[in-house]
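Visitor: how does the following fold in three dimensions:
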Amino acid sequence: MFSAIAAIGFAAISNPPRRAYPLCALIAAAGHSIRYILMTLPAEQVHIVPATLAASFAIGLMAVFLSPVVRTPAETCLFPSLLPMIPGIYAYKAFGAAAKCALGSTSGEFDLWFMVFARNFTLCTCLLLCLVVGATLPIFIFKKISFQATR
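Guide: Next up is the predicted model:
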């Protein structure tokens, strides 16, 4: 529910037609739910990186196939739906750890905070790449459908 609200807020920034707001909310909620289910419910829980890739691919598919219903380009519904999944906490932790590296007084303290920085920065970068790749693949795979709203 919270990702749906955030998607509506992000969609409002780019000023899409009003008929696209419910679709953005639906796609965002479904995508975030997919990632959450993959990470928590199975016996073999999926790591956040492949779960994000699968969820962003699902968001891309939903945007490509549902955007013609509201007669908007797929990107109009795709990007606001992806934004609630941006890994802000990992970026925050990475740059906080970088500051603690710079302010550390011992080499052991520096090593600890650099390890925290490297882990969070790598995870944040991987998640962002998964969001981009997963969301744009359906647009390239289903070119005729995804560009039919712009013709």
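
Visitor: the bottom helix or strand of this structure by mean pLDDT?
Guide: Using mean pLDDT, DSSP states H and E, helix 143-146 stands out as the lowest-scoring helix or strand of the chain, at a mean of 72.

Visitor: contacts for that one, please.
Guide: 64-65, 67-68, 73-74, 138-139 (C-beta atoms under 8 Å, 6 or more residues apart in numbering). From N, CA and C alone the C-beta is placed, and that goes for glycine too.

Visitor: show the pLDDT at the most centrally placed residue in the chain.
Guide: For the chain, the residue sitting closest to the mean C-alpha position, by C-alpha atoms, centre = their mean, is Met85 at 3.4 Å. We have a pLDDT of 86 for Met85.

Visitor: how near is His47 to Leu123?
Guide: 10 Å (C-beta to C-beta, to the nearest Å).

Visitor: what touches both of the two?
Guide: What both His47 and Leu123 touch, as defined by C-beta under 8 Å, 6+ apart, is an empty set.

Visitor: tell me which of those two has more neighbours.
Guide: When neighbours are counted by other C-beta atoms under 10 Å, His47 and Leu123 differ, and Leu123 comes out ahead with 19 against 11.

Visitor: packing partners of the longest helix anywhere in the chain?
Guide: If you go by DSSP state H, the chain has its longest helix at helix 107-141. Using 3 or more C-beta pairs under 8 Å, 6 or more residues apart in numbering; DSSP states H and E, the elements in contact with helix 107-141 are helix 48-66, helix 74-82, helix 88-103.
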